[in-house]
Every structure is written in structure tokens, then in C-alpha cells.
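Colleague: this one's structure only:
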Ligand code: HGY
Ligand code: MN
Ligand code: MN
């Protein structure tokens, strides 16, 4: 439906950039424009309080659900725009924040122009302090609140405890939304290396994530002969080395896997570690491949434990399936991209996970990307040229004009 009710949505680029910098001030840290704003931290909760006030000032009704997902709502049916405002333990200023502030600006500008009805969301714990895109996973029904509540962060704090700080108002009914569009930085090298300015996402890859624990025997690092040790770190090291070989006939160049967190007990120089807990995460666009990789991981970890006289155990397998973006919303973004950046945009898959995956269970979803300088993200160095940030905002606004309310 064309927007025939009002003027075109004219976004205010300066207001948008000022808000983006203001959001960064909550948890600003590290070199460059780094941010430390993990889910439910003081910086995260203060940022959400500030965001809620911006939503109210824009004439939106604020609701916060029990997970802490923050919504700025219009009355009646609307398009939902947004992303997340929590960060990785060491993150950049744009991952998630860009999509939330762009949503705020488009919603505000559309109200000023008498344009389409736009609501805004900042999902909670997208970065997976507790799970994988936890806030939208619960809102979409992919996880129940009870299932999510027992998930623990790497320090052993359960979600049920961490979310006590949420100023809950009430649950938000997804039926009021006609679709969801998430703007995001690419977080990879494609657009930066081609010199293109916009990516319109075709699909988002799937992910699997679980903790694995090896338990051996804690002992003295000076007196315990190598051949009788049951060293949990040696097991992790052997597992990681062998895994790359076992995967060789299964993976493609687009498949990725990561051991990103290792916790040794008791983590001391003169003690053979008796226990190692580590994160194992793997991603691919093909759900069958993800399943075959899981079997290899489980079999290999068991073999390593058996050979060394150790125990292995597997935590809850978390995951999201690969999803395709909605054709109608994509077409609107492509029309916007062609207007704002003629011949300098492309269709592309997303190798990062996004809240849009969960939201696709509820309504049509689409995403657009802007370039990441040097392809860096989940690091303090993450950045994007200002004119690319603005180009993305303009594409989003143009798509809303095309789609109507
Ligand atoms: O890890 C991801 O892909 C997302 O940034 N949480
Ligand atoms: Mn993100
Ligand atoms: Mn991220």
C-alpha cells in the first residue's frame, strides 16, 4: 500500500547521529568508539531508561515485557522497526544500537509527517549473555520464560536473577505488527571491500551453541607424571585440533565454528586443571549440515574423554534455524536502496544472527546492512562512515514510505 495519508517521511540526519552518539555514552569504553553494555548491566538499564524517554517524547507508548524487551508503540496496526541495545562484553557502538536509533528516528519523522504508523523495539540480551538472541527468542515463543530463566551466564548467574532489575509494564501482543525490519551493520568485510553502501539481506544463517565440560583429575603440576595426568585443558586442546580435521568433509567455505570461552578450574599455574568448561558454537545456512556437525562434535568429545579416562558432559543445545527474508519487505528495501545508492547495493546473506530470525516466527521480516569499516565487529574498533549510516537510515525511511502503515 502506498502512503497516501501524509508527506514523505523526512528523517533528520543530525538528530539521528546525535542520538546514536548519546546511546554510546551509556557504557562507553575502550579504544575508538567501544562500548561495554551487556544485558541487564547498569549501563544497559540506564540506556533503556533514556531510550524509553526518547520514545515517549516521540509520542510512542512505552511497554517493557518481563524479559526487558523495550517497545515504543503506536495505536493500532503498525510496522515494527528495531534491533537491540545490549552489547557484547567488549563491543562496538553500532551493533544493535544502529537499528534501534534508526527505528526511533523513522518513527519520529513519520509521526511528524503524518506518515505510516511505526513502532520501535529494543530487544534484550540479543548478544547472548544467557542464550542466543534471548529477548526475541522469548517474545517470539521460541523459548518459554521458564526455559530461559534457568540459563546461566559464564559466571553462573541465572537469567531469572539478572532480570529482577527490569521495570516490567506488560506483555506486548505481536498481532498488532504488520512486519518487522531491522537495520544493522554488516559486521563482515563484503560491503567494505566492494565499496557498496547497502546490503539487502536474503537469508540469515542458522546457529547451534552449547557448553561442553571435560572433567579429569586436579593435581600437582610438578609431581604428576605426564602419562598419568587427566588434564582437562589438554582434552580441550586435543578436541579443538581434531575437530578441524573431522569437519573437513562436511563444511563449506561459508561454515564457521568457534570456541570463544574457556573456563579452567582452578585456573592456576601450578595445578593440572581438573575441569574445563568451554563454549562450542557453529553456524551455517543449511540446517542438515548443522546437525551433522553436532554429531561430529558429540562423538569426538566422547572419544577424547574415553581415551584420557575422563568424563564429558554436554549443556543445553541452543539454536536457531536458517530463515529467508520476506519478499515484499525485501522489495521495498531494494527500491529504497536503488534510490539512495543507485548501483551501489547488493543482495547478501547474513552470517551474523539477528533478532529478525526469531521475529520471523510471528510476522514477515527483512533486514538491511551498511558497511563495517575493515569488516570488524564484536570489538572496540567497530565503526561505519557517517554517510553510510545516514544512507542506511534513508533507505529504511524510503521503504516505510513504500510500505505504508
Ligand atoms: O553473534 C551474533 O551473530 C549476534 O551478534 N549476536
Ligand atoms: Mn547485533
Ligand atoms: Mn552482536
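Modeller: Received the coordinates, thanks. Being a predicted model, the structure only gives us computed values, none of them experimental. Ligands and ions are numbered 1, 2, ... in the order given.

Colleague: Skipping adjacent residues, who's closest to residue 112 in space?
Modeller: Nearest non-adjacent residue to residue 112, counting by C-beta to C-beta, 6 or more residues apart in numbering: residue 10, 7.9 Å away. No exception for glycine: its C-beta is placed from N, CA and C like everyone else's.

Colleague: Run a quick neighbour tally on the one you found.
Modeller: For residue 10, the count of nearby residues is 14 (other C-beta atoms under 10 Å).

Colleague: Could you report the pLDDT at it?
Modeller: With respect to pLDDT, residue 10 scores 92.

Colleague: What residues does it make contact with?
Modeller: 109, 112-113, 397 (C-beta atoms under 8 Å, 6 or more residues apart in numbering).

Colleague: pretty sure residue 279 is in a strand, no?
Modeller: Yes - counting by DSSP: H, G, I helix; E, B strand; the rest coil, residue 279 is part of a strand.

Colleague: got the contact list for the helix ranked longest in the chain?
Modeller: When the chain is parsed with DSSP state H, its longest helix is helix 287-307. Residues outside helix 287-307 that contact it (C-beta under 8 Å, 6+ apart) are 206-208, 212, 214, 235, 238-239, 242-243, 246-247, 250-252, 255, 257, 280, 282-284, 310-312, 314, 317, 319, 321-322.

Colleague: Then stretch 29-38?
Modeller: 24, 26-28, 43-44, 47, 85-93, 97, 127, 129, 379-383.

Colleague: about what we covered before: out of the contacts of helix 287-307, which are inside helices?
Modeller: Going by DSSP H, the helices hold 235, 238-239, 242-243, 246-247 from these.

Colleague: Make JSON lines out of those and add pLDDT.
Modeller: Converted to JSON lines, those look like this (pLDDT from 0 to 100):
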{"residue": "235", "pLDDT": "98"}
{"residue": "238", "pLDDT": "98"}
{"residue": "239", "pLDDT": "98"}
{"residue": "242", "pLDDT": "98"}
{"residue": "243", "pLDDT": "98"}
{"residue": "246", "pLDDT": "98"}
{"residue": "247", "pLDDT": "98"}
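
Colleague: Which among these count as buried?
Modeller: Buried residues within these, defined by neighbour count using 16 or more other C-beta atoms under 10 Å: 235, 238-239, 243, 246-247.

Colleague: So of these, which two are at opposite extremes in space?
Modeller: The most widely separated members of those, counting by C-beta to C-beta, are 235 and 247 (18.2 Å).

Colleague: For the closest residue to residue 145 other than its chain neighbours, which three-state class applies?
Modeller: Once flanking residues are discounted, residue 145 sits nearest to residue 138: 5.8 Å by C-beta to C-beta, 6+ apart. Using three-state DSSP, the structure places residue 138 in helix.

Colleague: By neighbour count, which bits of stretch 176-189 are buried? Give me those.
Modeller: 176-188.

Colleague: Sitting in helices, which of the contacts of residue 10 do you find?
Modeller: In helices, defined here by DSSP H, the members of the contacts of residue 10 are 109, 112-113, 397.

Colleague: Looking at the residues you listed, which one is closest to ligand 1?
Modeller: residue 397 (24.4 Å; C-beta to the nearest ligand atom).

Colleague: That closest one contacts residue 11, doesn't it?
Modeller: Yes - with contact defined as C-beta atoms under 8 Å, residue 397 reaches residue 11; the gap is 4.8 Å.

Colleague: Buried ones from the contacts of stretch 29-38, can you make that a ChimeraX selection?
Modeller: Buried members of those can be picked out in ChimeraX with the line below, counting by 16+ other C-beta under 10 Å:
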select :24,26,27,43,44,47,85,86,87,88,91,92,93,97,127,129,379,380,381,382,383
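
Colleague: what subset of the contacts of stretch 29-38 is also close to ligand 1?
Modeller: Contacts with ligand 1 within the contacts of stretch 29-38, as defined by C-beta under 6 Å from any ligand atom: residue 127.

Colleague: what's the closest residue to residue 265 other than its chain neighbours sitting at in phi/psi?
Modeller: Counting by C-beta to C-beta, 6+ apart, the nearest residue to residue 265 once its immediate chain neighbours are dropped is residue 275, at 4.1 Å. Backbone geometry at residue 275, expressed as degrees, to the nearest 10, gives phi -150, psi 140.

Colleague: got the contact list for residue 275?
Modeller: 213-216, 218, 232, 264-265.

Colleague: try residue 216
Modeller: Residue 216 touches 229-232, 235, 272-275, 308-311, counting by C-beta under 8 Å, 6+ apart.

Colleague: Try it again at 7 Å.
Modeller: The neighbours of residue 216, taking C-beta atoms under 7 Å, 6 or more residues apart in numbering as the test, are 230-232, 235, 274, 308, 310.
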